[in-house]
Structures are given as structure tokens and as C-alpha cells.
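1. coordinates for the following, if possible.
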Amino acid sequence: MSLWQKPEHDQSAPSESRSSSSSSSSSAPSAPHREPRSGPPATIGQSVQIEGELTGQEDLIIDGKIDGKVVLEGHHLTVGPNGRIHAEVHAKSVQVNGEVSGNIVADDKVEISPSGSVIGDITAPRVALADGSSFKGSIDMSNKPRHSSSGSSPSSVNRDVPMAAGAAKR
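-> Residues are numbered from 1 along each chain as shown. Take a look at the predicted model:
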């Protein structure tokens, strides 16, 4: 899978761009506020377990275990094949190659790969379920994913998506 093999040859390029942009903000080195990273996504490895709220300002690959809440406003979340998420997830887009147990809210789209499994409700304008994926829950594809209501309203589209016979858990 070429998705997981990312070459990291040139480590000097990001530091050069940082040094040229640092002249505009020369007064105080404020560590709490960080600019969104534009390089390769951050990775949470297979042996890492996190309990609580995970927030970030960059794309993220999770191959470990998360229990709690994941919030990546405006960024992409990839749940790796070894990723086990038991959490509420909020991101710009979400790709599930592992397991997610919890509701997913995405501003752009949610994709569940053939090896992916989701148990929970999905709220996103675009949803893709690959043949072989596992999904149990409802899908709301209304245009405003952040403001989903718990009651049924005429403007929302809630669907229970039947899975193909080959997509059932084995």
C-alpha cells in the first residue's frame, strides 16, 4: 500500500521555509499557538494508547488505540489498519481502514475502505462505503454536518445503509 510508504528525504525544506517566515513575527516565541503543518501527516503508532480528548491542527494517521474524543478541525484523519478508535470523531475528512466505534462528523467526506469497520452514526455531505467494508449505524448527508439534530427533521437525510452479502463481518 503506497499510502503508508511516504518518503521523507528532504528534512531541510520545512526549516528553511520556517526561517524565512519567522522574520514577520520576531518579537515573542509563543509556543501555545502553532501554525497548521503542511508536511506529511502526524502518526500515532500501533503501540500508543490515548484516553481522553485528542485535538490537532494537522492531518493525522492513527494506528494505535484512542478512547475518548478526536477533534481535527479542518484536517484529514486516517484510521490505519491497526487503528482502534472508541471515540466521537470530528474532522474535515475521515478515512477508515481500521475500526471506529463512535459517531463520525466530517465537513467534507467519510470513506470506509474494504478493511474498515464503523459502528456509529456518520454525518457528512459525502460518504463512501467500499465493497467489503463493515458499517452499522445511520448516515446523515445533509449540507450542515456540524449542526445535526437528534430528532428527525424534514431537511435531514437519515438512512440505514444495507450492506452487500460480502460486506458482513466475518
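
2. CA only for contacts and neighbour counts going forward, please
-> Will do.

3. can you list phi and psi of residue 83 for me?
-> Taking degrees, to the nearest 10, you get phi -70, psi 140 for the backbone angles of residue 83.

4. quick one, grab the pLDDT at it.
-> Here, the pLDDT recorded for residue 83 equals 97.

5. what's the local residue count around it?
-> Residues contacting residue 83 under the criterion other C-alpha atoms under 10 Å number 25.

6. show me what contacts the nearest residue to it once chain neighbours are set aside?
-> Distance criterion C-alpha to C-alpha, 6 or more residues apart in numbering; nearest residue to residue 83, sequence neighbours excluded, is residue 63 at 3.9 Å. By C-alpha atoms under 8 Å, 6 or more residues apart in numbering, the residues touching residue 63 are 43-46, 79-84.

7. in JSON lines, list those along with distance to residue 96.
-> JSON lines is the format used below for the contacts of residue 63 (distance: C-alpha to C-alpha, whole Å):
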{"residue": "43", "distance to residue 96": "15"}
{"residue": "44", "distance to residue 96": "15"}
{"residue": "45", "distance to residue 96": "16"}
{"residue": "46", "distance to residue 96": "15"}
{"residue": "79", "distance to residue 96": "5"}
{"residue": "80", "distance to residue 96": "7"}
{"residue": "81", "distance to residue 96": "8"}
{"residue": "82", "distance to residue 96": "10"}
{"residue": "83", "distance to residue 96": "9"}
{"residue": "84", "distance to residue 96": "10"}
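
8. just checking: what are the partner strands of whichever strand or helix holds residue 92?
-> Using DSSP states H and E, residue 92 falls within strand 84-96. Applying DSSP bridges to the sheet, strand 84-96 is found paired with strand 65-79 (parallel), strand 99-101 (parallel), strand 104-112 (parallel).

9. residues of it that come out buried?
-> Neighbour-count burial for strand 84-96 flags 84-96 (criterion: 16 or more other C-alpha atoms under 10 Å).

10. tell me which residues are up against that strand.
-> Residues from elsewhere that reach strand 84-96 (C-alpha under 8 Å, 6+ apart): 63-81, 98-113, 116-118.

11. could I get stretch 64-71 in PDB with only the CA atoms?
-> In PDB, the C-alpha atoms belonging to stretch 64-71 read as follows (Å, rounded to 0.1, in the frame of the first residue of the first chain):
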ATOM      1  CA  GLY A  64      -2.900   3.000  17.800                       C
ATOM      2  CA  LYS A  65      -5.900   2.900  20.200                       C
ATOM      3  CA  ILE A  66      -7.900   6.000  21.200                       C
ATOM      4  CA  ASP A  67     -10.700   6.100  23.800                       C
ATOM      5  CA  GLY A  68     -12.500   9.500  24.100                       C
ATOM      6  CA  LYS A  69     -12.800  12.200  21.500                       C
ATOM      7  CA  VAL A  70     -10.800  13.100  18.400                       C
ATOM      8  CA  VAL A  71     -11.100  16.700  17.000                       C
END
